[in-house]
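Q: Sequence first, predicted model second:
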Amino acid sequence: MEQRPLGRTGLSVSRIGWGTVKIGRSTGVKYPDAFDVPSASEADWIVNAMLDLGITLIDTAPAYGLAEERLGGALGSRRHEVVLCTKVGEQFENGRSTHDFSAASTRRSLELSLRKLRTDAVDLILVHSDGRDIEIQTETDVVETLQDIKKAGMTQAIGFSGKTPDGAAHALGWADVLMCEYSIDVQTHAAVILQAAEQGVGVLLKKVLGSGHLPAAEALDHALHSAPVASTVASVVIGSLSPDRMAANIRMAERP
Ligand SMILES: NC(=O)c1ccc[n+]([C@@H]2O[C@H](COP(=O)([O-])OP(=O)(O)OC[C@H]3O[C@@H](n4cnc5c(N)ncnc54)[C@H](OP(=O)(O)O)[C@@H]3O)[C@@H](O)[C@H]2O)c1
């Protein structure tokens, strides 16, 4: 599969990345159909099948329930094959999400993520915003803490996954990478995506299939091949439990 540079991070990522919400959490999510979180052995199979497809970007988060633990168990010696992205700011425990962007919580969150993922360092850490995009960046210690964590070599790159174009634009002041929602239905981030690309900030797209509520072929074609995202976005991150559907998504990405 085509690999694209992730801005100026020095990382390269597959045109289709894999989002791992569904291997870790089945409650409080917005997917159209109910599903069960895979067992550890089912997750092993899914993770390996996704890597066999040529996917080199995996997006996870503490907020995705068991996802980090499942990934850590499955990746093993294949850890080096992927750019591993996790997040800080949201925790999911006992069926409930909580948010904390303090320095202490950010460091504790990363420590736990590294333990669950069974790795010494991740490649990318994103702030997992709860929607208070500007406030989180200006009134908490999360940005400074991530900058220190990066300096200490625990990640190669840092960035922001938020909800508002204003929040994304603010993050251009410090982030290596932005993760933005973009789909046939939601194009509010179009201008900031262009701006990011001009500044060498890597862009990842999320929710391009509207979390499964949009017609998949049409929605994916739009996210991959329409202006302005076709040339500016490094990777389109799709959530799935199905290597077959991800293979179809990759075929779509490889279509000229
Ligand atoms: N705040 C944040 O940072 C944030 C928020 C949202 C998402 N994300 C990241 O972005 C990723 C993607 O977002 P998302 O998972 O919400 O939604 P999405 O990628 O827009 O849609 C995922 C849904 O589409 C289905 N699907 C995938 N390929 C398909 C195909 N070819 N045909 C039909 N259905 C298909 C999947 O079902 P199957 O399992 O049946 O394939 C799944 O239910 C997440 O997994 C996560 O990593 C981050």
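A: Happy to help now that I have it.

Q: phi, psi of the residue nearest the centre of the chain?
A: In the chain, the residue lying closest to the centroid (C-alpha atoms, centre = their mean) is residue 59, at 3.6 Å. Main-chain dihedrals, residue 59, degrees, to the nearest 10: phi -110, psi 120.

Q: Tell me which residues touch it, please.
A: By C-beta atoms under 8 Å, 6 or more residues apart in numbering, the contact list for residue 59 reads 17, 18, 19, 20, 85, 179, 204, 206, 237. Where you see a C-beta, it was placed from the backbone N, CA and C, and this is true even at glycine.

Q: so who does the residue of the stretch 101-250 of the chain found nearest the ligand touch?
A: Distance from the ligand to each residue of the stretch 101-250 of the chain (C-beta to the nearest ligand atom) is smallest for residue 239, at 2.1 Å. Contacts for residue 239 were tallied using C-beta under 8 Å, 6+ apart; they are 18, 19, 20, 21, 22, 31, 209, 211, 212.

Q: In TSV, list those residues along with pLDDT, secondary structure and neighbour count.
A: Shown next, in TSV, are those (pLDDT from 0 to 100; DSSP: H, G, I helix; E, B strand; the rest coil; neighbours: other C-beta atoms under 10 Å):
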residue	pLDDT	secondary structure	neighbour count
18	98	strand	26
19	98	strand	24
20	98	coil	28
21	97	helix	22
22	97	helix	22
31	95	coil	15
209	97	coil	23
211	96	helix	17
212	95	helix	17
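
Q: Nearest to residue 64, out of the residues you listed: which one, please.
A: residue 21 (4.9 Å; C-beta to C-beta).

Q: ok now do the closest one, which residues does it touch?
A: With C-beta under 8 Å, 6+ apart, residue 21 has these contacts: 29, 64, 67, 239.

Q: quick one: which helix or strand includes the nearest residue to residue 142 once chain neighbours are set aside?
A: Taking C-beta to C-beta, 6 or more residues apart in numbering, and ignoring the residues beside it in sequence, residue 142 has residue 101 as its nearest neighbour in space, at 4.1 Å. For residue 101, there is no host helix or strand (DSSP states H and E).

Q: Give the burial count for residue 101, as a bare number.
A: For residue 101, the count of nearby residues is 24 (other C-beta atoms under 10 Å).

Q: unless I'm mixing things up, it is touching residue 136, no?
A: Yes: applying C-beta atoms under 8 Å, one finds residue 101 in contact with residue 136, separated by 5.2 Å.

Q: Common neighbours of the two, please.
A: In contact with both residue 101 and residue 136: 89, 127, 142, using C-beta under 8 Å, 6+ apart.

Q: Put together TSV for those residues, with pLDDT, distance to the ligand and neighbour count on each row.
A: Formatted as TSV, the shared contacts of residue 101 and residue 136 follow (pLDDT from 0 to 100; distance: C-beta to the nearest ligand atom, whole Å; neighbours: other C-beta atoms under 10 Å):
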residue	pLDDT	distance to the ligand	neighbour count
89	98	9	25
127	98	9	28
142	98	14	24
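
Q: Nearest to residue 116 among the residues you listed?
A: residue 89 (16.3 Å).

Q: what's the nearest residue to the closest one if we skip its chain neighbours?
A: residue 128 (4.2 Å).

Q: next one: residue 33
A: residue 212 (7.5 Å).

Q: if we can go back for a sec, could I get the contacting residues of the residue nearest to residue 142?
A: So residue 101 contacts 88, 89, 127, 136, 140, 141, 142 (C-beta under 8 Å, 6+ apart).

Q: Return the subset of those residues lying in strands.
A: 88, 127 (DSSP state E).

Q: List only buried entries from the contacts of residue 21.
A: Buried by 16 or more other C-beta atoms under 10 Å: 64, 67, 239, out of the contacts of residue 21.

Q: For the residues you listed, give me JSON lines that also has secondary structure and pLDDT.
A: Output for the buried ones among the contacts of residue 21, formatted as JSON lines (DSSP: H, G, I helix; E, B strand; the rest coil; pLDDT from 0 to 100):
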{"residue": "64", "secondary structure": "helix", "pLDDT": "97"}
{"residue": "67", "secondary structure": "helix", "pLDDT": "97"}
{"residue": "239", "secondary structure": "strand", "pLDDT": "97"}
